[in-house]
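1. Fold the following for me, if possible:
(chains A, B, C and D)
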2 protein chains.
Amino acid sequence: MRTSSRQRRPTQKRAKATVNAIVEAGFISLSRHGLEGTTTRHIAEIAGVGVGSLYEYFANKEEVFDAMHQHVVREVVALVQPRIPELVRLDIRELVAELLYRYRDLLERDDGRYLRYMSYAAYFAPRNQLEPITQLLMNLLVQYVMHHPQLTRLGNLPAMGFIMINGGIFTVIRYLTDPNPAVDFDDLVRGLGDMVAHFVDGELGKSVNS
Amino acid sequence: MRTSSRQRRPTQKRAKATVNAIVEAGFISLSRHGLEGTTTRHIAEIAGVGVGSLYEYFANKEEVFDAMHQHVVREVVALVQPRIPELVRLDIRELVAELLYRYRDLLERDDGRYLRYMSYAAYFAPRNQLEPITQLLMNLLVQYVMHHPQLTRLGNLPAMGFIMINGGIFTVIRYLTDPNPAVDFDDLVRGLGDMVAHFVDGELGKSVNS
DNA sequence: TCATTTGTTCGGATTCAACTCGGATATGCG
DNA sequence: CGCATATCCGAGTTGAATCCGAACAAATGA
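-> Next up is the predicted model:
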């Protein structure tokens, strides 16, 4: 793989449209034909371009998936980033609920296009490109703590952040992917909210008592 | 794919050894060459058999992965199942810690052979054969609650179980896969233990007060 | 405007891995 | 031993990923 040379940046408007169409087609093909069924010919055909055009801008099929990945990551960041000032003012349960519902909505948009991608994502992206999202949420966490000074007494923030962020991201994906979930999404959200809220209360109470 | 017919069950000792060698080789190839680099020729070569032999027992490469999957699942079940009677007697934090450390040890065994597999396969949403593990842990949870009667007052067990089980499984995989983790595993275990313990205390306290 | 250069598209040709086939070899049983 | 059945094999087929070079479109500049 990794053909290195002969790579092209789209400079003209037409070319950018082609690149967009290809990424878009990637999501569509993944939804329509699954992972195995997603061939470069399919993608090109759905995008309405020749296979050769695909290889003008992407060194290989993998890079198309990378581009899709970045697209999803950008969407998630765009979802949360601008709302941070508002989010840090929420009650902790409300914060959890708000993040989870928005996240779900995003994953279910366009017939679950992004969800479908995410459930395969680890397959293509061994190198952790989930980082920007983790960073963003860790950032949100820090800012949240700063806006609620009593929380600064909480112990090991990095570890708790890691747990809550990863636990949250994957639990939701698992849940939405489950064809026959045992509980409904509201229960899940409430449960995660309770978990976090009780943890905070418990930790703060502990500090006071000791 | 899915050639259906012409499938064979290994009946003789020699054939069983071949099948084992192939599954074993699957893990080795995955560790050594990654997912893309794992070809049927590689697997066959490592196993010391011809490609044709592989197709005597597996309809396609996918089925080799399925067999690997079942192997991992069986290992996890074997790890927990026989110890349930003992586990239910532990303090909640100890239980969490015990499960997590054993789970980590298993994933890291043989140079992370199983971890490598899980980091590719865990997300493999379509055929969710993670079920047996979820079932097992849910079972453990139920038995744990029965041995600690005060816990029966806890609300929504299914939802909490879903969160803790999936959160736990994926958080650990994510952690072990992270080339440069910000915290150490002990912090992670302590954090998850605190989370669960405070949740329980919080829920029980709430009931008492209301 | 037109010539030239640079960007873009295309789909047939090539490569390589999954999978097949039919024969060779081993086992086990009477 | 000799037949039947199980197992093994690797050259050959198929199809998807990728390459390539020619055709077409846009920009440039005189």
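
2. Would stretch A:40-59 count as contacting DNA strand C?
-> Yes: Stretch A:40-59 lies within reach of DNA strand C by Cβ under 7 Å from any atom of the strand, at A:48, A:49, A:50, A:51, A:52, A:53, A:55, A:56. Yep, even glycine has a C-beta here, placed from its N, CA and C like the rest.

3. Narrow the residues you listed to just the buried residues.
-> A:49, A:53, A:55, A:56 (16 or more other Cβ atoms under 10 Å in any protein chain shown).

4. Mark which of those residues are part of helices, please.
-> A:53, A:55, A:56 (DSSP state H).

5. Among those, which one lies nearest to residue B:194?
-> Within these, the smallest distance to residue B:194 is 51.2 Å, found for residue A:55 (Cβ to Cβ).

6. Near the residue lying closest to residue A:121 once chain neighbours are set aside, how many other residues are there?
-> Nearest residue to residue A:121, sequence neighbours excluded (Cβ to Cβ, 6 or more residues apart in numbering or on different chains): residue A:69, at 6.4 Å. Counted by other Cβ atoms under 10 Å in any protein chain shown, the residues lying close to residue A:69 total 17.

7. Tell me the secondary structure at residue A:37.
-> coil (DSSP: H, G, I helix; E, B strand; the rest coil).

8. mind checking how far it is from chain B?
-> 10 Å (Cβ to the nearest Cβ, to the nearest Å).

9. give the contact list for the residue nearest to that residue when sequence neighbours are not counted.
-> Once flanking residues are discounted, residue A:37 sits nearest to residue A:29: 7.5 Å by Cβ to Cβ, 6+ apart. Applying Cβ atoms under 8 Å, 6 or more residues apart in numbering or on different chains to residue A:29 gives the contacts A:37, A:38, A:42, A:43, A:46.

10. what about the residue nearest to residue A:121, helix or strand, and which?
-> Using DSSP states H and E, residue A:69 sits in helix A:61-80.

11. so residue A:100 touches residue A:190, yeah?
-> No: counting by Cβ atoms under 8 Å, residue A:100 stays clear of residue A:190, with 10.0 Å between them.

12. domain assignment for chain A?
-> Taking automatic domain parsing as the reference, chain A has its domains at A:1-59, A:68-209.

13. Turn the ones you listed into CSV, columns for mean pLDDT.
-> Converted to CSV, the domains of chain A look like this (pLDDT from 0 to 100):
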stretch, mean pLDDT
domain A:1-59, 86
domain A:68-209, 91
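
14. which of those domains is buried the deepest?
-> Burial of those is given as mean neighbour count (mean count of other Cβ atoms under 10 Å in any protein chain shown); domain A:68-209 ranks first at a mean of 17.

15. does any part of stretch A:162-175 sit near chain B?
-> Yes: judged by Cβ under 8 Å from any Cβ of the partner chain, stretch A:162-175 and chain B are in contact via A:162, A:163, A:166, A:167, A:168, A:170, A:171, A:173, A:174, A:175.

16. Of those residues, just say which sits nearest to residue B:118.
-> Checking these one by one against residue B:118 (Cβ to Cβ), the nearest turns out to be residue A:170, at 12.4 Å.

17. now the closest one: how far from DNA strand C?
-> The gap separating residue A:170 from DNA strand C is 28 Å, by Cβ to the nearest atom of the strand, to the nearest Å.

18. the inter-axis angle of the helix or strand hosting that residue versus helix B:157-177?
-> Using DSSP H and E, residue A:170 maps to helix A:157-177. Helix A:157-177 and helix B:157-177 are oriented at 120 degrees to each other (axes from the mean of the first three to the mean of the last three Cα atoms, to 10 degrees).

19. elements contacting the next helix or strand after helix A:157-177?
-> Counting by DSSP H and E, the next helix or strand C-terminal to helix A:157-177 is helix A:185-209. In this structure, helix A:185-209 makes packing contacts with helix A:92-124, helix A:157-177, helix B:157-177, helix B:185-209, judged by 3 or more Cβ pairs under 8 Å, 6 or more residues apart in numbering or on different chains; DSSP states H and E.

20. DNA strand D: which of the ones you listed is closest?
-> Proximity to DNA strand D (Cβ to the nearest atom of the strand) singles out helix A:92-124 among the helices and strands packed on helix A:185-209, at 11.9 Å.

21. Mind checking if the closest one is in reach of DNA strand D?
-> No: using Cβ under 7 Å from any atom of the strand, helix A:92-124 stays clear of DNA strand D, with a minimum separation of 11.9 Å.

22. Which helix or strand contains the closest residue to residue A:38 other than its chain neighbours?
-> Leaving aside its chain neighbours, residue A:38 sits nearest to residue A:29 (4.5 Å; criterion: Cβ to Cβ, 6+ apart). According to DSSP H and E, residue A:29 maps onto helix A:13-33.

23. how far is that helix from where the chain is centred?
-> Put simply, helix A:13-33 sits 19 Å off its chain's centre (Cα atoms, centre = their mean, to the nearest Å).

24. Likewise for stretch A:78-96?
-> 16 Å.

25. Next, the residues that contact it from outside, please.
-> A:98-99, A:102-103, A:106, A:136-137, A:139-140, A:143-144, A:146-147, A:168, A:189, A:192-194, A:196-197, A:200.

26. what about it, how long is it end to end?
-> The straight-line separation of the ends of stretch A:78-96 (Cα to Cα, to the nearest Å) is 17 Å.

27. just the ones in helices among the buried ones among the residues of stretch A:40-59 next to DNA strand C now: which is nearest residue A:155?
-> Using Cβ to Cβ, residue A:55 is the member of these that sits closest to residue A:155, with 51.6 Å.

28. wait, what's in contact with the closest one?
-> residue A:40.

29. Which residues does stretch A:45-53 contact?
-> Contacts of stretch A:45-53 from elsewhere in the structure, counted by Cβ under 8 Å, 6+ apart, are A:18, A:21, A:22, A:24, A:25, A:28, A:29, A:40, A:41, A:44, A:54.

30. mind redoing it with 7 Å?
-> A:18, A:21, A:22, A:24, A:25, A:28, A:29, A:40, A:41, A:44 (Cβ atoms under 7 Å, 6 or more residues apart in numbering or on different chains).
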